[in-house]
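Asks: the sequence and its predicted three-dimensional model are supplied below.
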Amino acid sequence: MKIHNIFNHRLDDLSDQELGQLFSDWLNGSKPKTIVTPNPEFFLLARHDKEFAELLFQSDLSLPDGVGLKYAIAALTDQKLEHRHTGVDTLEYLASTGARLALVGGKKEIAEKAAENLKRKFPSSDIIVIDPGQVPEDGTPTMETIEIIKRSEPKILAVALGQGKQEKFIAKILPELTSVRIVIGVGGAPDMISGQLPRAPLFMRQIGLEWLWRLVIEPKRWPRIFRAVIVFPAVVIWATISEHRFWKACHNVLKEWL
């Protein structure tokens with residue numbers, strides 16, 4: 001496993017095999033482990049939300065999701081990101097372990113359809129859907145939600161409340177859950193798994209054009225895409241100028257792109 005660091009945040013670079021072994025060890029362990037799946041928007045939010053930034057720092061595993069991080073690492077360091085794990089792929093892998101998984105958040109009908117599709121794809125999976133109701137921006141769970149999850153005794157908790165809110169929800173609820181061994185924020189992954197939103201074709205994912213696909217199928221998403229493909233690169237460029245490595249960054253990014 002390699003570890004990268006950009007903007008004072010850690011990014012863990014693991015192969016599929018390393019990730020699978022880590023999950024197996026954690027599921028058989030005695031303590032809960034938290035996973036975050038950063039994309040460029042995470043880093044922009046962390047610049048202004050200190051609580052969120054601290055939760056990213058405290059996570060046990062930071063899996064780079066957005067393709068922009070691949071180029072940011074090339075620009076800001078002399079390293080190369082070898083492996084990227086999307087929220088969809090990671091959620092599917094966790095479901096495939098057969099450990100009881102509680103999917104919390106998102107629209108109930110979408111979450112239920114996502115669970116149905118995961119069970120169809122992985123017959124040995126054990127998935128339950130829990131509706132947490134209206135969760136405030138600070139991520140505080142209701143006592144009812146806590147009790148429902150406790151009674152369900154999941155080993156994996158996947159929270160789909162959107163970046164920032166889901167990580168705060170996890171931090172507040174995890175101390176109450178003795179059965180959980182892995183907890184992850186999955187954002188909009190259930191939308192894709194449910195089929196509510198079609199996933200980008202494989203070739204677009206391989207060349208890093210998921211954002212273009214999302215723009216086509218979800219035009220209202222343009223402010224988020226703008227932040228990811230315009231604002232974040234601008235922040236990275238400014239950082240390379242400040243660190244006197246602009247031309248070196250251009251060379252590294254071009255090599256990565258080619």
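Replies: Nice, I can see it. The shown structure was predicted, so the numbers you read here are calculated from the model rather than taken from an experiment.
Asks: which of the three states applies to residue 180?
Replies: Using DSSP: H, G, I helix; E, B strand; the rest coil, the structure places residue 180 in coil.
Asks: tell me the pLDDT of it.
Replies: Residue 180 is assigned a pLDDT of 98 by the prediction.
Asks: again with residue 190
Replies: Spelled out, the predicted local distance difference test score at residue 190 is 93.
Asks: show me what contacts the nearest residue to it once chain neighbours are set aside?
Replies: Counting by C-beta to C-beta, 6 or more residues apart in numbering, residue 114 is the residue found nearest to residue 190 once chain neighbours are left out, at 3.8 Å. All C-beta atoms are positioned from the backbone trio N, CA, C, and that covers glycine. Taking C-beta atoms under 8 Å, 6 or more residues apart in numbering as the contact definition, residue 114 lies against 103, 106, 189, 190, 191, 193, 194.
Asks: I'd guessed the last one sits against residue 107; true?
Replies: No: at 9.1 Å, residue 194 does not count as touching residue 107 under the criterion of C-beta atoms under 8 Å.
Asks: neighbour count winner among the two?
Replies: In this comparison of residue 194 against residue 107, neighbours counted by other C-beta atoms under 10 Å, the higher total goes to residue 194 at 20 against 14.
Asks: and the next element down the chain from the host helix or strand of residue 119?
Replies: Using DSSP states H and E, residue 119 sits in helix 108-121. Per DSSP H and E, helix 108-121 leads on to strand 126-130 as the next helix or strand towards the C-terminus.
Asks: other residues contacting the helix or strand that that following strand is followed by?
Replies: Note on strand 126-130: by DSSP H and E, the next helix or strand toward the C-terminus is helix 143-152. The set of residues that contact helix 143-152 without belonging to it, under C-beta under 8 Å, 6+ apart, is 100, 102, 104, 128, 130, 132-133, 157, 173, 176-179.
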